[in-house]
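J.: Here's my sequence, what's the structure:
(one chain, ligands or ions: 2)
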Amino acid sequence: MTESSVHPALWPAPHASGAVDATVTVPGSKSVTNRALVLASLASEPGWLRRPLRSRDTLLMADALRAMGVGIEETISSSSASSPSAAAAPEAKGEAWRVIPAGLHGPAAVDVGNAGTVMRFLPPVATLADGPIRFDGDPRSYERPLTGVIEALRTLGARIDDDGRGALPLTVHGGGALVGGTVSIDASSSSQFVSALLLSAPRFNQGVEVRHTGTTLPSMPHIRMTVEMLRAVGAQVDEPETGGERNVWRVSPSALLGRDLTIEPDLSNAQPFLAAALVTGGRVTVPDWPERTTQPGDALREIFTAMGGDCELTGKGLTFTGTGRIHGIDVDLGEVGELTPGIAAVAALADSPSTLRGVAHLRLHETDRLAALTKEINELGGDVTETADGLHIRPRPLRGGVFHTYDDHRMATAGAVIGLAVKGVEIENVGTTAKTLPDFPDMWTGMLGA
Ligand SMILES: O=C(O)C1=C[C@@H](OP(=O)(O)O)[C@@H](O)[C@H](O)C1
Ligand SMILES: C=C(OP(=O)(O)O)C(=O)O
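T.: Numbers count the residues shown, from 1 in each chain. Ligands and ions are numbered 1, 2, ... in the order given. Take a look at the predicted model:
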């Protein structure tokens, strides 16, 4: 059964009749799951991923690695059916993936869907295979930037056929090994270029030294996540800070350990639920919120507090409480760009204007998120304008209507947040949340019914 057969093309976003009060167990992080899959596949011994995210992006990653020869066995315990509003005991949360590394083989075909992590992290892995690996994906994947990865891999010794645009579709002619070495790239359009090169680098003959040359570098927490996860599997990663050499990373060649890793909840997917507390003046607890994390979603504690809520991190998780009053915010989201749609939704309901800055690269995400947010909020009566690197949002009374998603999971969840406060909002293709959160509609109604 497809998502669209489960949910109608237009999903009536539930309107909140009062303050929400719920505990919402959020599935594993997309970014951690997909890094863990790559690192476990490149290790010299089997490993485990516990509580991985099972969504379109992570299943595409697993399938692609399987196509190259990696063994990924999924075990789903019968007790895994956890209610979204009840915190299940860790051992009852069911799912674990055993990853058994193997020699990587071509020919193989990889469907990247519209997953930035798959289209950027896997071409470097494919250079280690002993044959051609063909990469293709959704139409939007052809438009998303990839040239930094392609050019860097060529510099490091790879043979890649693309159509000359530096984008998908393409074929990596894996030679069974890659020389590696030093490479300069401009990763201002996506931090994933840097993460991609670093993740496979322990397996390059000479490792890698990556130098970012562009003026801006988005999503730094995601690069820190890459570095920390590499170190956790035994890789040596240096970040020379001397002589003005920031944005330089060195990874030495080494074997990688197989680990038993429990994946943290996806804090960016926790965003709409925390937003629900803020918008309805209610309370939402997200169990297992890590005390320390590289996930950008952790910044919501500060951002949503500045917008009028209050949060407390205890042994039970993160409890976020709203007052019913929402304030506008002036904030640079360059480090945490994937939070922008959800923040824009809350900002459209605030008592003062907001300026969201530092996110020009969102024009090249799942959709042009700056254009999409502007158009959809304005169609409901809002007053949003695009700037060179973000959005100005002047709250106005909104009315119901269709909120289009442009196949972007975070547009769908942003529309649902607005729907809590505005009657008659209908989300077109809510099934697109399957990219990272397939259970979103049921979790959302579960939260409201709790
Ligand atoms: O490395 C990652 O897991 C990600 C990095 C970020 O990409 P960009 O730097 O392209 O924004 C983020 O937006 C994306 O959702 C996930
Ligand atoms: C930008 C995102 O995804 P991707 O990994 O496809 O870049 C996102 O999830 O907000």
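
J.: Just checking, which helix or strand succeeds the worst-scoring helix or strand of the chain on mean pLDDT along the chain?
T.: The helix or strand of the chain with the poorest confidence is helix 3-6; it has a mean of 49 (mean pLDDT, DSSP states H and E). From helix 3-6 onward toward the C-terminus, using DSSP states H and E, the following helix or strand is strand 10-12.

J.: which stretches of the stretch 301-450 of the chain form helices?
T.: Here the stretch 301-450 of the chain has its helices, by DSSP state H, counting those that start in this stretch, at 340-347, 369-379, 409-421, 440-449.

J.: what's the angle between the last one and helix 409-421?
T.: Regarding helix 440-449 and helix 409-421, their directions subtend 30 degrees when assessed with axes from the mean of the first three to the mean of the last three C-alpha atoms, to 10 degrees.

J.: excluding its backbone neighbours, what's nearest residue 115?
T.: residue 57 (4.0 Å; C-beta to C-beta, 6 or more residues apart in numbering). Glycine gets a C-beta too; all of them are placed from N, C-alpha and C.

J.: and the one you found, what is it in contact with?
T.: Counting by C-beta atoms under 8 Å, 6 or more residues apart in numbering, residue 57 touches 30, 34, 113, 115, 117-118, 435-436.

J.: tell me which of those residues is nearest to residue 324?
T.: For the contacts of residue 57, the minimum distance to residue 324 (C-beta to C-beta) is 29.0 Å, reached by residue 436.

J.: in what helix or strand does the residue nearest to residue 115 lie?
T.: Under the criterion of DSSP H and E, residue 57 resides in helix 56-67.

J.: show me where pLDDT drops low in the chain?
T.: Within the chain, the segments meeting pLDDT under 70 span 1-8, 77-94, 241-245, 450.

J.: can I see the domain layout of it?
T.: 10-26+265-447, 30-262 (automatic domain parsing).

J.: Distance to residue 262 and mean neighbour count added to the helices of the stretch 301-450 of the chain, as CSV?
T.: Below are the helices of the stretch 301-450 of the chain laid out as CSV (distance: least, C-beta to C-beta, whole Å; neighbours: other C-beta atoms under 10 Å):
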stretch, distance to residue 262, mean neighbour count
helix 340-347, 25, 28
helix 369-379, 31, 22
helix 409-421, 24, 27
helix 440-449, 21, 19
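
J.: so which of those gets nearest residue 279?
T.: Of all the helices of the stretch 301-450 of the chain, it is helix 409-421 that lies closest to residue 279, at 5.1 Å by C-beta to C-beta.

J.: Could you give the separation of that closest one from the chain centroid?
T.: 17 Å (C-alpha atoms, centre = their mean, to the nearest Å).

J.: can you check stretch 307-315 too?
T.: The chain centroid and the centroid of stretch 307-315 are separated by 23 Å, computed with C-alpha atoms, centre = their mean.

J.: ok, and does the helix or strand hosting residue 109 reach over to ligand 2?
T.: Element membership for residue 109 (DSSP H and E) is strand 108-111. No: remark: strand 108-111 sits outside contact range of ligand 2, by C-beta under 6 Å from any ligand atom, the gap being at least 13.7 Å.

J.: Counting by contacts, list what that strand packs against.
T.: Under the contact criterion of 3 or more C-beta pairs under 8 Å, 6 or more residues apart in numbering; DSSP states H and E, strand 108-111 touches helix 56-67, helix 116-126, strand 132-136.

J.: how about these, which one is nearest ligand 2?
T.: Closest approach to ligand 2 among the helices and strands packed on strand 108-111 (C-beta to the nearest ligand atom): helix 116-126, 2.5 Å.

J.: any idea how far that closest one is from the chain center?
T.: On the basis of C-alpha atoms, centre = their mean, helix 116-126 sits 14 Å off its chain's mean C-alpha point.

J.: In TSV, list the domains of the chain along with distance to ligand 1.
T.: Shown next, in TSV, are these (distance: least, C-beta to the nearest ligand atom, whole Å):
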stretch	distance to ligand 1
domain 10-26+265-447	4
domain 30-262	3
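
J.: can you list the residues of the stretch 51-200 of the chain near ligand 2?
T.: By C-beta under 6 Å from any ligand atom, the residues of the stretch 51-200 of the chain that approach ligand 2 are 115-117.

J.: Highest neighbour count among the residues you listed?
T.: Among these, the one with the most neighbours (other C-beta atoms under 10 Å) is residue 115, at 28 neighbours.

J.: Isn't that one up against residue 53?
T.: No: with contacts counted by C-beta atoms under 8 Å, residue 115 stays clear of residue 53, the gap being 11.6 Å.

J.: circling back: can you add distance to residue 16 and give the helices of the stretch 301-450 of the chain back as a markdown table?
T.: As requested, the helices of the stretch 301-450 of the chain are exported to a markdown table (distance: least, C-beta to C-beta, whole Å):
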| stretch | distance to residue 16 |
| --- | --- |
| helix 340-347 | 14 |
| helix 369-379 | 18 |
| helix 409-421 | 4 |
| helix 440-449 | 6 |
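
J.: closest to residue 23 out of those helices?
T.: Across those, residue 23 has its closest neighbour in helix 440-449 (8.9 Å, C-beta to C-beta).

J.: now check the closest one, is it near ligand 2?
T.: No: with C-beta under 6 Å from any ligand atom as the criterion, ligand 2 is not reached by helix 440-449; the gap is at least 13.1 Å.

J.: next SSE after the helix holding residue 57?
T.: Moving toward the C-terminus from helix 56-67, the next helix or strand (DSSP H and E) is strand 71-76.

J.: how close does the nearest residue to residue 180 once chain neighbours are set aside sit to residue 390?
T.: Leaving aside its sequence neighbours, residue 180 sits nearest to residue 204 (C-beta to C-beta, 6+ apart; 2.9 Å). Note on residue 204: its distance to residue 390, by C-beta to C-beta, to the nearest Å, is 37 Å.

J.: Residue 58 too?
T.: Separation of residue 58 from residue 390 (C-beta to C-beta): 29 Å.

J.: which one of those two has more residues nearby?
T.: Ranked by neighbour count (other C-beta under 10 Å), residue 58 and residue 390 place residue 58 first, with 29 against 24.

J.: thinking that one is in contact with residue 32, fair?
T.: No: using C-beta under 8 Å, residue 58 is not in contact with residue 32, being 9.9 Å away.

J.: Can you find the residue of the stretch 301-450 of the chain that comes nearest to ligand 2?
T.: Closest point on the stretch 301-450 of the chain to ligand 2, by C-beta to the nearest ligand atom, is residue 338, at 3.5 Å.

J.: what number of residues lie near that residue?
T.: Using other C-beta under 10 Å, the number of residues around residue 338 comes to 27.

J.: quick one, what contacts it?
T.: Neighbouring residues of residue 338 by C-beta under 8 Å, 6+ apart: 219, 268, 296, 365, 410.

J.: Highest neighbour count among those?
T.: Ranking those using other C-beta under 10 Å puts residue 410 first, with 31 neighbours.

J.: Leaving out the residues flanking it, which one is nearest to residue 219?
T.: In space, residue 219 is closest to residue 191, 3.8 Å off (C-beta to C-beta, 6+ apart).

J.: same deal with residue 252?
T.: Distances taken as C-beta to C-beta, 6+ apart place residue 236 nearest to residue 252, at 4.2 Å, with adjacent residues excluded.
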